[in-house]
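> give me the fold of what follows.
(chains A, B, C and D)
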Number of protein chains: 4
Amino acid sequence: MKKYSFKNDYSEGCHPAILQALAASNMDQQPGYGDDRYSREAIELIRRQMQFPAGDIHLVSGGTQANLTVIGAMLRPHESVIAANTGHINVHETGAIEATGHKVEVIRSGDGKLYPAQIKAFLGTVDAVHMTKPRMVYISNSTEVGTFYTKGELQALHECCKAHQLWLFMDGARMGSGLCAAGSDLTLPDVARCTDVFYIGGTKNGALFGEAIVICNPLLQEDFKFHLKQRGALLAKGRALGVQFQALFTNDLYFELARYANGLAAVLTAALKEAGYAMLTESTTNQVFPVLPNTIMEQLLQAFEFYPWQKIDDQNTAIRLVTSWATPESAVQAFIEKLKTVTPQ
Amino acid sequence: MKKYSFKNDYSEGCHPAILQALAASNMDQQPGYGDDRYSREAIELIRRQMQFPAGDIHLVSGGTQANLTVIGAMLRPHESVIAANTGHINVHETGAIEATGHKVEVIRSGDGKLYPAQIKAFLGTVDAVHMTKPRMVYISNSTEVGTFYTKGELQALHECCKAHQLWLFMDGARMGSGLCAAGSDLTLPDVARCTDVFYIGGTKNGALFGEAIVICNPLLQEDFKFHLKQRGALLAKGRALGVQFQALFTNDLYFELARYANGLAAVLTAALKEAGYAMLTESTTNQVFPVLPNTIMEQLLQAFEFYPWQKIDDQNTAIRLVTSWATPESAVQAFIEKLKTVTPQ
Amino acid sequence: MKKYSFKNDYSEGCHPAILQALAASNMDQQPGYGDDRYSREAIELIRRQMQFPAGDIHLVSGGTQANLTVIGAMLRPHESVIAANTGHINVHETGAIEATGHKVEVIRSGDGKLYPAQIKAFLGTVDAVHMTKPRMVYISNSTEVGTFYTKGELQALHECCKAHQLWLFMDGARMGSGLCAAGSDLTLPDVARCTDVFYIGGTKNGALFGEAIVICNPLLQEDFKFHLKQRGALLAKGRALGVQFQALFTNDLYFELARYANGLAAVLTAALKEAGYAMLTESTTNQVFPVLPNTIMEQLLQAFEFYPWQKIDDQNTAIRLVTSWATPESAVQAFIEKLKTVTPQ
Amino acid sequence: MKKYSFKNDYSEGCHPAILQALAASNMDQQPGYGDDRYSREAIELIRRQMQFPAGDIHLVSGGTQANLTVIGAMLRPHESVIAANTGHINVHETGAIEATGHKVEVIRSGDGKLYPAQIKAFLGTVDAVHMTKPRMVYISNSTEVGTFYTKGELQALHECCKAHQLWLFMDGARMGSGLCAAGSDLTLPDVARCTDVFYIGGTKNGALFGEAIVICNPLLQEDFKFHLKQRGALLAKGRALGVQFQALFTNDLYFELARYANGLAAVLTAALKEAGYAMLTESTTNQVFPVLPNTIMEQLLQAFEFYPWQKIDDQNTAIRLVTSWATPESAVQAFIEKLKTVTPQ
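Predicted coordinates:
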């Protein structure tokens, strides 16, 4: 029998409401390349949700595609983007940003986040003309290690960026999880006001595929669609993206799904802590990173799928458990039951 | 009331069999990034259909994405790709190939096709070191102007390419239409044997999105998946592509849909010729290009949507009519009826 | 004995005044990367000569380097540069512009020049988003076929470019020859006022190597030096460029050398016309293109080196003869003498 | 009066023998783009010196140009180059490597060098497809911090690279200084046998400009000249490079100049150590890095120019002193005299 997988939040297809919307709209003739009514309506829904009517919104297929298109479009050749060492663009995109010609300047981060003091310290080391000109700061929310930005943190970072002529770009592949995390006071309207560009991830929160890029800063909006086409990101049947985001931003579905995923992760966290395990990072999002003795980890891997994340020492490993809109509560309960039965050997 | 559109073959969603397959597979947990069982099974079906078990197959979202990833992966920086002036990569991809660093060397073509004599003549003009080194020939089948390659033509071109160390790449965004065209004796197994790399277009033949890249030449297969990731072409939920191609290559659906579209285009062609209109190109594929007096064109545009394609002279314009798997026969009949009522004014 | 070569204007080293200046300045310690006093003084001399104190000037090693750095720095990724089919960036730079990510959009030209009507016609064919956005016009003066721009022509082109938001970039690899051509009323101050960016070629007019890029439009000046460094165009010993341009722009040497070369070419032209030969283009610059019977060409090749340029028909070929600051008058006389002795066979 | 500068090894022009050779060859007509006899003869001299007749040699203008052309030519788009954090390509080339599309994967290094154990540890962290594929190792000799590779170290690194399918590329901007360092047993023939590609720096060792790229591995030699042209690195008057390297590799001049520079640096080091100062790195090359109290540094800066290199703590700074072929012994003596007079305040 197939083991249940906590490997990631893109193991299943899409939320049933999306399947229904695809079917319902299927034979309606629409213009191509994002000019269809479903995309227009989805964009209108997002604009309303973020209370930012001037936002320029484009729907694309995936996160790496969003990152490379945004960064490639917004930097001049000699400009670079600053990222945390844990940032997705630095570690898991096969050099996609460099393939557009830009260096990713790396700041080491303990919690996956960037703070103004780090940015300022980095800028102090730059030797003009002989080094790239930093022009953008890339952050993720929630981050790759399950942490999130508060409203105050984002505002402070935005102020710092403005003061140093840096665009602030938030990768929101897990935006739902970040905004709905216990302890987060950040909202979508806040994000729109405190970044220059960001995207709202659909793939990891209920969509079959799709990310909504939002360009907040009018200086960055011109001609963006050319870049989408040039990078192969402009789907002929853009409707397939429009229909999905229309469904996700109707009746609060997007945030409902994120809260559900975070809730299940919190149940896992509580059980793990109760069992006496430490957590690698303080996460209230849908990714949690318990540190387990290797013997325990091996026993759990007999019953469930998940990724070992980071070797802690010869005896212990941090693992990653990911929940999503599609995770059944029963799977979480089964994991917790199993946890009670494992023993260090 | 909405006018019926003959503008293109991507105005609707997808064939119902695909919607059903998406729904049926929806909650099955699968690995990401193309390692799911649906993609594996779809690839096996395509391999069998093309009788070429050594073909390396990758599923991506769209045609420009396929073109830029293939060409970018297979050329060294100083190498260029030869294309007809009408080739999609030359005119309608916003410089996507150049954005990967490669020049598109252009040969003027009357019928949208390339022939060995043209290739040889072009090679004769190349001044080594000061010009790019041509290393690939890009062709489309069916072409952007509705024509197609016969088996003999493709074999001859392939021989020419091999003799001059040029990879042969066939853009098959409309592969179904090309192979099923009246007069075509070319088959998918022929294409696999007579090209180095090609792709089978899903988007314009029944899929919601998706193109299947087939790398025939083993010299070009190494590491291709890295390039997909780097270009943002590797979907997290690759299953969405696998499910679609599995449906299309079950029970001959892919070719059935193409034959249907070509058949309706033939009905249009017959009626237009009977009405005395010339055709810009001899097309038996799903795109036809009648030359109409502007007055006639204007009357038809009152009732239907389609693109004016090319100004012929002050009085006449070639228009483009496109049919697809989704075109109802009734729409074709309505167009023909309308044609009988229009009069030069 | 070695045959005299009319192959090009870069067959010798440099004007003796430059050798002397290099020797005189040799042991003076100076800062690197263009911050030396020789570069600063050379730039001041050029600014004065062109009566344009706001010009931003950078010295680089060669023409292709100048072209790729300028175009790569000034275009956004989706933007393209328009050039004549004969333009150096289109034919003889091994795809250097495309290697920076930009498409060269080509207009066919009979005389190597571009005119407003051609630009406007081309812009009329552009399909936004699906095609690149033309943003720059590249011209050469003198052109690759020996022609030149008059003041009126350049003004008209500049007006056209401004009206359509196109930067105007003049490749001046043979700027001296163009400005000093018989019939030219264009001056360096005119060029500075009627282009957005241009360069003054040293390599083909007396320097060992070196081109002076002049950025006239303040909108294009920001951060250019970063691009020089990134493209490998910023010499550690930038003084080697400064010393040369200082010599060339002292006592009118640059233009004196150009006039000398043009003068010798005019002597050749007169003799060729008197001998009854047609010219491929009307050139008063240092490149001339007589059309010769192949039998005559072969006899001349016994005594001199030069390039066959273009096949006219089975019996006739246009050849290219190039003169320079280094061409001795005796070589020109010898050629003319030889011309009198050759006979069609 | 102008202060003497120990800022770098490119403050003066070139060795007098080079000026003489430029003058002597000046009016000799030669083919362009590296096909001249001076370049051919220089290449032959270098081949003989390195006892490696199969080496493919190309002369270019500068180090960043050499690095970006070599790396851009030899990697496929998804491949990356490993470098020490101190490596020139990582810190001081304005993202030139990334501008060719490739990520620089960084290993932290204490002494500016890379060792097999570090390479192997790094390779263990690579997650195929989602990360770049490391395919080249970049090292400098002498390094940016004055250290050098021994024969044993280079052999071990080369073995490691071969075992892991990594090309080994040595940046020899200061090759002379590295090979002639006290304690170095490495020779040019060793370098040719133990790397896949390297270059011999002229700019920092007596040339006006110029680096000789040597491609040792036949697999990497094909078509390299196309890349030179495409990157703007192919000088029309390539003779200017040929003449210089011909002079440098005649009568052992290249190594004589390097030994001279290293010798003066050793005199400085001895005096600094005798005065009780520590050195940041153990350097026997032409760059030395004494750690000085800031009060001492300030007094020295009154009399000489040099760069503060690295802040050690609030009271102390490591400075960089660079000697060259052009440094007079008197300047070194003056510095040592000054050193005796300064006092902590």
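
> and the strands in chain A, which stretches?
In chain A, the segments counted as strands under DSSP state E are A:4-5, A:56-60, A:79-84, A:104-107, A:133-140, A:167-171, A:197-201, A:211-215, A:287-288, A:291-293, A:304-305, A:307-311, A:316-322.

> and of those, who's closest to chain D?
For the strands of chain A, proximity to chain D was assessed by Cβ to the nearest Cβ; strand A:79-84 is nearest, at 6.0 Å. All C-beta spots, glycine's among them, are computed from the backbone N, C-alpha and C.

> now the closest one: average pLDDT?
Taken as a whole, strand A:79-84 has an average pLDDT of 98.

> which residues does it contact?
Surrounding strand A:79-84, the residues in contact under the criterion Cβ atoms under 8 Å, 6 or more residues apart in numbering or on different chains are A:71, A:75, A:89-90, A:97, A:102-109, A:112-114, A:119, A:122, A:132-139, A:143, A:166, A:169, D:95, D:98.

> now the strands of chain A as TSV including distance to residue B:307 and mean neighbour count?
TSV is the format used below for those (distance: least, Cβ to Cβ, whole Å; neighbours: other Cβ atoms under 10 Å in any protein chain shown):
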stretch	distance to residue B:307	mean neighbour count
strand A:4-5	47	18
strand A:56-60	24	25
strand A:79-84	39	24
strand A:104-107	42	20
strand A:133-140	39	24
strand A:167-171	37	25
strand A:197-201	32	27
strand A:211-215	28	26
strand A:287-288	48	26
strand A:291-293	61	20
strand A:304-305	50	17
strand A:307-311	50	14
strand A:316-322	46	22
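
> do you know which of the ones you listed lies nearest residue D:284?
strand A:104-107 (32.6 Å; Cβ to Cβ).

> sheet-wise, list the partners of that closest one with their directions.
strand A:79-84 (parallel) (DSSP bridges).

> now the angle from the partner strand to strand A:133-140?
When axes from the mean of the first three to the mean of the last three Cα atoms, to 10 degrees is applied, the directions of strand A:79-84 and strand A:133-140 differ by 40 degrees.

> how about the contacts made by the residue in the stretch 101-250 of chain A that chain B sits nearest to?
Here the stretch 101-250 of chain A gets closest to chain B at one residue, residue A:232, 3.1 Å apart by Cβ to the nearest Cβ. Residue A:232 makes contact with A:65, B:61-62, B:64-69, B:96, B:231-233 under the criterion Cβ under 8 Å, 6+ apart.

> and if we set it to 7 Å?
Residues near residue A:232 by Cβ atoms under 7 Å, 6 or more residues apart in numbering or on different chains: B:62, B:64-65, B:68, B:96, B:231, B:233.

> equivalent analysis for residue A:174, please.
Neighbour list for residue A:174: A:142, A:201, A:204, A:285 [criterion: Cβ under 7 Å, 6+ apart].

> so the residue of the stretch 51-200 of chain A found nearest chain B versus residue A:97, what's the distance?
Proximity of the stretch 51-200 of chain A to chain B (Cβ to the nearest Cβ) peaks at residue A:65, 3.1 Å away. Distance, residue A:65 to residue A:97, by Cβ to Cβ, to the nearest Å: 12 Å.

> likewise residue A:209?
Plainly put, residue A:209 is 21 Å away from residue A:97 if you go by Cβ to Cβ.

> again with residue A:28
Here the criterion is Cβ to Cβ. By it, residue A:28 lies 37 Å from residue A:97.

> same check, this time on residue A:234
Remark: distance between residue A:234 and residue A:97 (Cβ to Cβ) = 20 Å.

> likewise residue A:315?
On the measure of Cβ to Cβ, residue A:315 and residue A:97 end up 37 Å apart.

> likewise residue A:250?
When residue A:250 is compared with residue A:97 (using Cβ to Cβ), they lie 34 Å apart.

> do residue A:242 as well
Counting by Cβ to Cβ, the gap from residue A:242 to residue A:97 is 27 Å.

> one more: residue A:10?
When residue A:10 is compared with residue A:97 (using Cβ to Cβ), they lie 21 Å apart.

> on that earlier part again, the more surrounded of residue A:28 and residue A:97?
residue A:97 (28 against 15; other Cβ atoms under 10 Å in any protein chain shown).

> pretty sure the more buried one sits against residue A:66.
No - under the contact definition of Cβ atoms under 7 Å, residue A:97 does not touch residue A:66, with a separation of 11.7 Å.

> near chain B, which residues of the stretch 201-345 of chain A show up?
Within the stretch 201-345 of chain A, the positions adjacent to chain B are A:203, A:208-209, A:226, A:229-233, A:235-237, A:239-240, A:326 by Cβ under 7 Å from any Cβ of the partner chain.

> between those, which is nearest residue C:294?
Proximity to residue C:294 was ranked across these by Cβ to Cβ; first place goes to residue A:230, at 46.9 Å.

> which one is whichever residue of the stretch 151-300 of chain A sits closest to chain C nearest to, not counting chain neighbours?
Scanning the stretch 151-300 of chain A for proximity to chain C using Cβ to the nearest Cβ identifies residue A:226 as nearest, at 3.6 Å. Distances taken as Cβ to Cβ, 6 or more residues apart in numbering or on different chains place residue C:78 nearest to residue A:226, at 3.6 Å, with adjacent residues excluded.

> what's the burial count for residue A:51?
By the criterion of other Cβ under 10 Å, residue A:51 has 13 neighbours.

> ok, it - contacts?
Contacts for residue A:51 (Cβ under 7 Å, 6+ apart) come out as residue A:189.

> any idea how far it is from chain D?
When distances are taken as Cβ to the nearest Cβ, to the nearest Å, residue A:51 and chain D turn out to be 36 Å apart.

> residue A:285 reaches residue A:262, doesn't it?
Yes - in terms of Cβ under 7 Å, residue A:285 counts as a neighbour of residue A:262; the distance is 5.9 Å.

> for the closest residue to residue A:201 other than its chain neighbours, list the residues it contacts.
With sequence-adjacent residues excluded and distances taken as Cβ to Cβ, 6+ apart, residue A:201 is closest to residue A:173, at 3.9 Å. Residues counted as contacts of residue A:173 (Cβ under 7 Å, 6+ apart) are A:63, A:140, A:201, A:204.

> thinking the last one is in contact with residue A:11, fair?
Right, residue A:204. No - the pair residue A:204 / residue A:11 is not scored as a contact, 10.4 Å apart, by Cβ under 7 Å.
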